[in-house]
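Q: Okay, here's the prediction I keep looking at, along with the sequence it came from:
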2 protein chains.
Amino acid sequence: MVRKTKEDAELTRKRIINSARAVFLARGVSRSTLEHIAAHAEVTRGAVYWHFENKTEIFHAIRDQVFLPLIDRMDDSLTLASDVDPLTQIENSLCVTIDDLNNNIEMRQTYEIMMIKCEYVDEFSLVLQQILNNCSSITGKIKLAYERAEQQNLLSSKLTPLALALDTHLFFSGLLHMWVKDADGTMFRHQAKDLIKSHINLRRKQ
Amino acid sequence: MVRKTKEDAELTRKRIINSARAVFLARGVSRSTLEHIAAHAEVTRGAVYWHFENKTEIFHAIRDQVFLPLIDRMDDSLTLASDVDPLTQIENSLCVTIDDLNNNIEMRQTYEIMMIKCEYVDEFSLVLQQILNNCSSITGKIKLAYERAEQQNLLSSKLTPLALALDTHLFFSGLLHMWVKDADGTMFRHQAKDLIKSHINLRRKQ
DNA sequence: ATATATACATACATTCTTGTTTGTATATAA
DNA sequence: TTATATACAAACAAGAATGTATGTATATAT
């Protein structure tokens, strides 16, 4: 029972990726073997080696599946014209990400893998650079929103839009890390949106 | 040349720990073998197995060496009576941690290992719980400082001390993560203290 | 209809890594 | 002074994990 149709093969590929995500999450990337992944996908390592060169390539496939679309959406929600004020726009874009984490299992698992089930050495260390690049990109978008807020006289503080954006970005970065670590949800997950609201309210005039 | 004196043995133990830190940093915890660590310490695995049961125990030794004293100091700088105002006290305690990271190589390397060179699965997953516990402890201390600031009418906002403390903690958590990832220092390390100042200034009246 | 490339499964060889066991020189206790 | 425990080194055994090589049934192209 071999030589499937192209659609079958593509399905196998996706099953391998999904299995790898589950295995990475349960055992960590390093301790996950291609045999584990293959077994979970109900194929042999032969199939895995056919579709991927090695474990690293599977890792990147998982990452790209979640993060490539994510960046675009983050961009959109901060850049697109909107009827709400810029501060609410920032608040919403952060909340949307939290919603995504809550609703999208693949995204939640991928975040967890990237944050606490992966060691950034050797082939993985270049991912760190990508993360830093995304950060400055996102910070830039937030800064633009704060500049609009400043023009509309919505800000309470004398901080520059850049300083506000960096502070917001660091806040959200910390929130995401804690969100992931707080698996039972009692400490951060249940109040994540409230924390975002407070963070933005701190900037609002009055 | 065996059977050293007790002082020699303790020295060997410390050399193993220091070597493990270096090896963990370079190769990640998972890819570091006891042979790597032993070779770096210029001993054999026999010595490693004499002093430690396995790699996990070395990991915890490294962690304890840095984090046990750290918690106390963080406590002190926030709780002890001081002549500066509470907001400056918070600011200083955060800056001190940044100074520590800059000056204390062991601490810097340990942070880097814990944050991006370790997978929190199996035996390591209970560390996550410890981290969360530390977080709520630190947040509690910051909250107390904000309460004093509120009593002294130093705060600009209508946020509760708890909300302010959580926001500060998440900000600092994000800053530490970015500080570690920003290895060349161009993005966060060089302006870490300014970011802290801005964060606190946002809370100051006027 | 036949040839070929595809999509795997199976088998093999090699390298790591670990844990344990054994050996041993020497501080140290008695 | 002798016995014993200490602080390792060295050797051993076993299992994992990886990559590759080989086999093969069947879509698909010609």
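A: Thanks, I have the structure now.

Q: who's in contact with the residue nearest to A:K117 when sequence neighbours are not counted?
A: Excluding its sequence neighbours, the residue lying closest to A:K117 (Cβ to Cβ, 6 or more residues apart in numbering or on different chains) is A:G28, at 4.6 Å. The way it works is simple: take the backbone N, C-alpha and C, and place the C-beta from them, glycine included. By Cβ atoms under 8 Å, 6 or more residues apart in numbering or on different chains, the residues touching A:G28 are A:K117, A:C118, B:S30, B:E119, B:Y120, B:V121, B:D122.

Q: Check the gap between the second one and DNA strand D for me.
A: If you measure A:C118 against DNA strand D using Cβ to the nearest atom of the strand, to the nearest Å, the figure is 14 Å.

Q: Please identify the helix or strand for that residue.
A: In the assignment (DSSP states H and E), A:C118 maps to no helix and no strand.

Q: surely it meets A:L128?
A: No: look at A:C118 against A:L128 with Cβ atoms under 8 Å: they stay out of range, at 10.7 Å.

Q: between those two, which one's more packed in?
A: Of the pair A:C118 and A:L128, A:C118 is the one with more neighbours under other Cβ atoms under 10 Å in any protein chain shown, namely 24 against 16.

Q: Helix, strand, or coil at the residue nearest to that one when sequence neighbours are not counted?
A: In space, and not counting its chain neighbours, A:C118 is closest to A:V29: 4.7 Å by Cβ to Cβ, 6+ apart. Counting by DSSP: H, G, I helix; E, B strand; the rest coil, the backbone at A:V29 sits in coil.

Q: who's in contact with A:V29?
A: A:V29 is in contact with A:K55, A:F59, A:I113, A:K117, A:C118, A:E119, A:F124, B:E119, counting by Cβ under 8 Å, 6+ apart.

Q: So what's the residue count around the nearest residue to A:A47 once chain neighbours are set aside?
A: In this structure, A:A47 finds its nearest non-sequential neighbour in A:T12, 6.0 Å apart by Cβ to Cβ, 6+ apart. Counted with other Cβ under 10 Å, the neighbours of A:T12 add up to 18.

Q: and if you look at A:F172?
A: Residues near A:F172, counting by other Cβ under 10 Å: 26.

Q: so it sits right up against A:L94, yeah?
A: Yes: A:F172 is in contact with A:L94 according to Cβ under 8 Å; the separation is 5.6 Å.

Q: Now do the shared contacts for the two.
A: With Cβ under 8 Å, 6+ apart, A:F172 and A:L94 have common neighbours A:I196.

Q: Which parts of stretch A:180-189 count as buried, going by neighbours?
A: A:V180, A:K181, A:D182, A:M187, A:F188, A:R189 (16 or more other Cβ atoms under 10 Å in any protein chain shown).

Q: what's the helix or strand of chain A with the lowest mean pLDDT packed up against?
A: Lowest by mean pLDDT, DSSP states H and E among the helices and strands of chain A is helix A:55-79, with a mean of 87. Counting contacts by 3 or more Cβ pairs under 8 Å, 6 or more residues apart in numbering or on different chains; DSSP states H and E, helix A:55-79 is packed against helix A:6-27, helix A:34-40, helix A:86-103, helix A:105-116, helix A:125-151.

Q: Swap in 6 Å and give it another go.
A: helix A:6-27, helix A:86-103, helix A:105-116 (3 or more Cβ pairs under 6 Å, 6 or more residues apart in numbering or on different chains; DSSP states H and E).

Q: What residues of the shortest one count as buried?
A: Residues of helix A:105-116 classed as buried by neighbour count (16+ other Cβ under 10 Å): A:M107, A:R108, A:Q109, A:T110, A:Y111, A:E112, A:I113, A:M114, A:M115, A:I116.

Q: ok, so of those, who is nearest DNA strand C?
A: Of all the buried residues of helix A:105-116, A:I116 has the smallest distance to DNA strand C: 20.5 Å, by Cβ to the nearest atom of the strand.

Q: how much space between the closest residue to DNA strand C within chain A and B:Y49?
A: Of all residues in chain A, A:G46 sits closest to DNA strand C, at 2.0 Å by Cβ to the nearest atom of the strand. To B:Y49, A:G46 is 38 Å away according to Cβ to Cβ, to the nearest Å.

Q: okay, those two: which has more neighbours?
A: Between A:G46 and B:Y49, B:Y49 has the larger neighbour count (other Cβ under 10 Å), namely 12 against 9.

Q: Not counting residues beside it along the chain, what's closest to the more buried one?
A: B:L34 (7.4 Å).

Q: What pLDDT does the model give the one you found?
A: In this model, B:L34 is scored at 98, pLDDT.

Q: tell me the phi and psi of the residue nearest to A:C118?
A: phi -60, psi -50 (degrees, to the nearest 10).

Q: distance of it from A:T110?
A: Counting by Cβ to Cβ, the gap from A:V29 to A:T110 is 12 Å.

Q: Name the residues of chain A found near DNA strand C, please.
A: Residues of chain A that fall close to DNA strand C, judged by Cβ under 7 Å from any atom of the strand: A:2-4, A:6, A:8-9, A:12-13, A:38, A:43-47, A:50-51.

Q: could you redo the last one with a cut-off of 10 Å?
A: Contact residues, chain A versus DNA strand C (Cβ under 10 Å from any atom of the strand): A:1-13, A:15-16, A:35, A:38, A:41-51.

Q: just the buried members of the residues you listed?
A: Among the residues of chain A next to DNA strand C, the ones that count as buried (16+ other Cβ under 10 Å) are A:T12, A:R13, A:R15, A:I16, A:A38, A:A41, A:V43, A:A47, A:V48, A:H51.

Q: Now do the same contact list for the second one.
A: Okay, so that is A:R13. A:H51 (Cβ atoms under 6 Å, 6 or more residues apart in numbering or on different chains).

Q: Distance of it relative to chain B?
A: 25 Å (Cβ to the nearest Cβ, to the nearest Å).

Q: right, is the least confident helix or strand of chain A up against DNA strand D?
A: Yes: Helix A:55-79 reaches DNA strand D (Cβ under 10 Å from any atom of the strand) through A:K55, A:T56, A:E57.

Q: quick one: contacts for A:F172?
A: A:L94.

Q: Could you pull out the buried residues of the strand or helix carrying it?
A: For A:F172, the host element (DSSP H and E) is helix A:161-181. Residues of helix A:161-181 classed as buried by neighbour count (16+ other Cβ under 10 Å): A:161, A:163-181.
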